[in-house]
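Student: no letters, just coordinates:
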């Protein structure tokens, strides 16, 4: 059987990845997922690492064609959490032994924002006695800003490229001088040079995206020496340029979920020792999406810990799951999901990417 033969190779080729990406047969798909889970168990273990997600602002200077909090949207109730509210969420994360958190917001590049984030990072480190790991997901910044945040105590950074195809990147972003593919690549390189564990990711099932494009995305992760991946299926956001243009053209949910799981599995098989998140977007299309993501090779979950009054205001796409739940409810729900697939929650651990340490020691 060709699928089994390919999966037994030590190193897959581009052609191998494309063959596996094109598979639709359920039996062969299960072979892929089983192989990915086997490699996950060997390389990163059956542990699932939590990143408590604090979405502290939906103000954004960017106008991405797909995003629900894009600058031009007039139907978003804008908010910016104060330091006290952020630290209360961080305290909850620390006391519930999540081990790590993510600070995420719409993009800003002004000095006031830079200082605010810098102070919040230091305060979180102080609050937790240095025990909480900190990931940032705050968009494109200058090297100086990245360095200031790193020196303050953040050690992981997620900057999604959304697609490694420059042509497709231009289609999903306005050409207003603020959305430059090459600048995104420069930022990823700057982050790596400073010493961050570097994460990126893509949207899966974009209009006009081919299976060849998705294979190139996986090869891009390798080329950029990425330590962690956060990627998920494309979900329309109403009243965005893409939401209006592609509403009738977007591929069926089941197809996007299948592609999302294949991307997780093939990234695990090909890259082996990186961290991969089972993202909320998977659950947004399939109630069991995150469990399926873990079984396909993911080892990170990012439960929402944003304060209750802000959750519904941070929606990048339609029908985002969990926005009506409390952090406490999310904790119980996810614990059940993790247990159901036979994995174990790694409470109190940072869960750093093994690839990062191998990369440092080369």
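Tutor: It's in. Note that the structure is a prediction, hence the values are computed from the model and not measured.

Student: list the contacts for residue 215?
Tutor: 14, 17, 18, 21 (CB atoms under 8 Å, 6 or more residues apart in numbering). Bear in mind the C-beta positions are built from the backbone N, C-alpha and C, glycine included.

Student: among those residues, which lie within helices?
Tutor: Within the contacts of residue 215, residues falling in helices by DSSP state H are 14, 17, 18, 21.

Student: now the buried members of these.
Tutor: Burial by neighbour count, judged by 16 or more other CB atoms under 10 Å, picks out 17, 18, 21 from the ones in helices among the contacts of residue 215.

Student: grab the nearest non-local neighbour of the first one.
Tutor: Spelled out, that is residue 17. Excluding its sequence neighbours, the residue lying closest to residue 17 (CB to CB, 6 or more residues apart in numbering) is residue 215, at 4.6 Å.

Student: what mean pLDDT does the one helix or strand that neighbour maps to have?
Tutor: Using DSSP states H and E, residue 215 maps to helix 211-223. The average pLDDT within helix 211-223 is 98.

Student: surely residue 51 meets residue 305?
Tutor: No. Applying CB atoms under 8 Å as the test, residue 51 and residue 305 come out as separate, 9.4 Å apart.

Student: those two: which is more packed in?
Tutor: residue 51 (29 against 26; other CB atoms under 10 Å).

Student: pLDDT value on the more buried one, please?
Tutor: Residue 51 is assigned 96 on the pLDDT scale.

Student: against residue 248, how distant is it?
Tutor: Note on residue 51: its distance to residue 248, by CB to CB, to the nearest Å, is 35 Å.

Student: distance between the helix or strand hosting residue 262 and the chain's centre?
Tutor: Residue 262 belongs to helix 253-271 when assigned by DSSP H and E. Centroid separation between helix 253-271 and its chain, computed with CA atoms, centre = their mean, to the nearest Å, is 14 Å.

Student: after that helix, which helix or strand is next?
Tutor: Where DSSP H and E defines the elements, the next helix or strand beyond helix 253-271 is strand 275-276.

Student: residues touching the helix or strand following that following strand, excluding its own?
Tutor: Next along the chain after strand 275-276, taking DSSP H and E as the criterion, comes helix 280-285. Residues outside helix 280-285 that contact it (CB under 8 Å, 6+ apart) are 232-233, 235, 253, 256-257, 260-261, 289-290, 292-293, 302, 304, 317, 319-322.

Student: let's see it at 10 Å
Tutor: For helix 280-285, the external contacting residues (CB atoms under 10 Å, 6 or more residues apart in numbering) are 53, 203-205, 230-235, 252-257, 260-261, 264, 288-293, 296, 298, 301-304, 316-323, 337.

Student: select only the buried ones of those residues in PyMOL?
Tutor: Only the buried entries of the contacts of helix 280-285 go into this PyMOL selection, using 16+ other CB under 10 Å:
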select buried, resi 53+203+204+205+230+231+232+233+234+235+256+257+260+261+264+289+290+291+292+293+296+298+301+302+303+304+316+317+320+321+322+323+337
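
Student: show me the contacts of helix 280-285 that map onto helices.
Tutor: Among the contacts of helix 280-285, the subset assigned to helices under DSSP H consists of 253-257, 260-261, 264, 289-293, 337.

Student: and the two most separated of the residues you listed?
Tutor: 255 and 337 (22.9 Å; CB to CB).

Student: what is the burial count for residue 201?
Tutor: Residue 201: 23 neighbours (other CB under 10 Å).

Student: now do the same for it: its pLDDT.
Tutor: Note for residue 201: predicted pLDDT of 98.

Student: how far away is it from residue 355?
Tutor: From residue 201 to residue 355 the distance is 15 Å (CB to CB).

Student: same question, residue 146
Tutor: For residue 146, the distance to residue 355 - CB to CB - is 20 Å.

Student: okay, the two: which has more neighbours?
Tutor: A count of neighbours by other CB under 10 Å puts residue 146 above the other of residue 146 and residue 355, at 24 against 21.

Student: need the pLDDT of that one.
Tutor: At residue 146, pLDDT is 98.

Student: leaving out sequence neighbours, find the closest residue to residue 299.
Tutor: Excluding its sequence neighbours, the residue lying closest to residue 299 (CB to CB, 6+ apart) is residue 44, at 5.0 Å.

Student: give me the neighbour count for that neighbour.
Tutor: Neighbour tally, residue 44, other CB under 10 Å: 24.

Student: then residue 61?
Tutor: 15.
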